[in-house]
Each structure stands twice: as structure tokens, then as C-alpha cells.
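Student: Below is the structure, and that's it, no one-letter string:
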């Protein structure tokens, strides 16, 4: 990250940092709270996941891809970067966006199970069932 900030292109790391905003609410799901508090944090997690990981981050990523591949300023904007950086950026961005889409579907299915009552609010919120 220091490389990008030092070369005055810190906007490259912003999609990765904004993706972590939803992680705060995910951590609260594992805490020992009441069902209503867990439900609130589940809702905040779902909203922040979809807002940041499925809407904002792909938008920011696509803006950088447009500059790297389609802009007339592409050469001056990438002078300090390795020659193959744009292809790595495209591949890494596609991978993360597809992975976030996959997890988005899994989250929707989990929320539907909790809303329908086939799973309690606190059930299945940790990696290790106790």
C-alpha cells in the first residue's frame, strides 16, 4: 500500500479498504448478544455487504480499469507501475468481484433461512458450532 500512496495513486487501494467495512458487523454476529441485537447486526452486515462489496467496490474498480485500459491518459497515469500491472488489476478485480457475488448469494440464502425460522438468529454464526 505504501507504494501506491508514495506514487500518489492511493485511490487504487480504496476498493480493498472499503470492502472491509462489512466485516465489523460480521464480527458482532459471533458475540454473545441477545437475539434482537444479533438480528440488528445481521441486517447491518447484509446492507453493508451489498452496498460496499457488490455496488461501491465494483464501481470504483471499474473506474480504475477504465483509466488503465481505455483512457488517453493511461500511459502517464501508469508510468510508475510495472508494465503488466493493468492485467493483474483486471484479474484480481474480477476474481474478488466474482467471489463477493458468490458470497452475496450465500448470504441471501442464510438470511432467508433465518427469516423463515428454519435457523435461529444465533445458530450458524460461527465457524465452529458449539
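Tutor: Nice, I can see it. Predicted, not measured: the structure shown is a model, and the values here were computed from it.

Student: pLDDT below threshold where in this protein?
Tutor: Applying pLDDT under 70 to the chain flags residues 1-12, 73-78, 80, 121-130.

Student: Show me where it has its helices.
Tutor: Remark: helices assigned in the chain by DSSP state H are 2-6, 14-18, 21-29, 35-48, 57-65, 74-77, 85-116.

Student: if I look at residue 26, how far off is residue 110?
Tutor: Remark: distance between residue 26 and residue 110 (CB to CB, to the nearest Å) = 12 Å. No exception for glycine: its C-beta is placed from N, CA and C like everyone else's.

Student: one step back: got the helices of the chain as CSV, with mean neighbour count columns?
Tutor: Below are those laid out as CSV (neighbours: other CB atoms under 10 Å):
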stretch, mean neighbour count
helix 2-6, 11
helix 14-18, 16
helix 21-29, 16
helix 35-48, 16
helix 57-65, 17
helix 74-77, 11
helix 85-116, 13
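
Student: Over to residue 31: give its phi and psi.
Tutor: For residue 31, the backbone dihedrals (degrees, to the nearest 10) come out as phi -80, psi 170.

Student: any idea how far it is from residue 115?
Tutor: For residue 31, the distance to residue 115 equals 21 Å [CB to CB].

Student: now do residue 85
Tutor: As for residue 85, its distance to residue 115 is 44 Å (criterion: CB to CB).

Student: same check, this time on residue 61
Tutor: Distance, residue 61 to residue 115, by CB to CB: 31 Å.

Student: repeat for residue 62
Tutor: Separation of residue 62 from residue 115 (CB to CB): 32 Å.

Student: swap in residue 65?
Tutor: 36 Å.

Student: Residue 120 and residue 35 touch, don't they?
Tutor: Yes - applying CB atoms under 8 Å, one finds residue 120 in contact with residue 35, separated by 7.4 Å.

Student: Now for these two: what residues contact both?
Tutor: Taking CB atoms under 8 Å, 6 or more residues apart in numbering as the contact rule, residue 120 and residue 35 have no neighbour in common.

Student: show me what contacts residue 56?
Tutor: Counting by CB under 8 Å, 6+ apart, residue 56 touches 15, 18.
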